[in-house]
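Engineer: everything below, folded, please.
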Amino acid sequence: MAWMITARDSADGVRLRQDRVLMDAHWAYEQSIKDKILCAGSLRTDDGKTPIGSLLVLDVSTREEAMVLYEADPATRAGLRQDVNVVRWNKAIFAYEVCD
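Structural biologist: Here you go, the predicted structure:
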């Protein structure tokens, strides 16, 4: 089952996103769990330039498993995210295909 996790960047978001070591660790972590990620990416302002948050959709059995993976992310541990929202997502159309 899919769990959608969204969050806004914290007040330190700009500074944290400029930390290459942190963001490289974040990317390496996402690569290490990519078999559980349906989609992931930053949320941005309307012009597409400024990151303001994040979206992560995990394909795992439970909310608890989703949260363990989310909380293990170096960017989450560093305080990048706030106002975290976790909901179960029911795929109706995915990658241009209707889901069963």
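
Engineer: the bottom helix or strand of the chain by mean pLDDT?
Structural biologist: Of all helical and strand segments in the chain, the minimum by mean pLDDT, DSSP states H and E falls on strand 93-94, at a mean of 90.

Engineer: now for that one, which elements pack on it?
Structural biologist: With contacts taken as 3 or more CB pairs under 8 Å, 6 or more residues apart in numbering; DSSP states H and E, strand 93-94 sits against no other helix or strand. The way it works is simple: take the backbone N, C-alpha and C, and place the C-beta from them, glycine included.

Engineer: ranges for the strands of this protein?
Structural biologist: Under the criterion DSSP state E, the chain contains strands at 2-9, 37-44, 51-59, 81-89, 93-94, 97-98.

Engineer: hey, least reliable of the ones you listed by pLDDT?
Structural biologist: Within the strands of the chain, confidence is poorest for strand 93-94, with a mean of 90 (mean pLDDT).

Engineer: right, and residue 76 touches residue 68 too?
Structural biologist: No. Distance between residue 76 and residue 68: 11.1 Å, which falls outside the contact criterion (CB atoms under 8 Å).

Engineer: please say which of the two ends up with more neighbours.
Structural biologist: For residue 76 versus residue 68, neighbours defined as other CB atoms under 10 Å are more numerous around residue 76 (20 against 11).

Engineer: ok, residues contacting the least confident helix or strand of the chain?
Structural biologist: For strand 93-94, the surrounding residues in contact (CB atoms under 8 Å, 6 or more residues apart in numbering) are 38, 99.

Engineer: check the offset of that strand from the chain's centre.
Structural biologist: 19 Å (CA atoms, centre = their mean, to the nearest Å).

Engineer: on that earlier part again, as a markdown table, the strands of the chain with distance to residue 18 and mean neighbour count would be great.
Structural biologist: Shown next, in a markdown table, are these (distance: least, CB to CB, whole Å; neighbours: other CB atoms under 10 Å):
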| stretch | distance to residue 18 | mean neighbour count |
| --- | --- | --- |
| strand 2-9 | 12 | 20 |
| strand 37-44 | 13 | 14 |
| strand 51-59 | 11 | 18 |
| strand 81-89 | 16 | 14 |
| strand 93-94 | 33 | 10 |
| strand 97-98 | 38 | 8 |
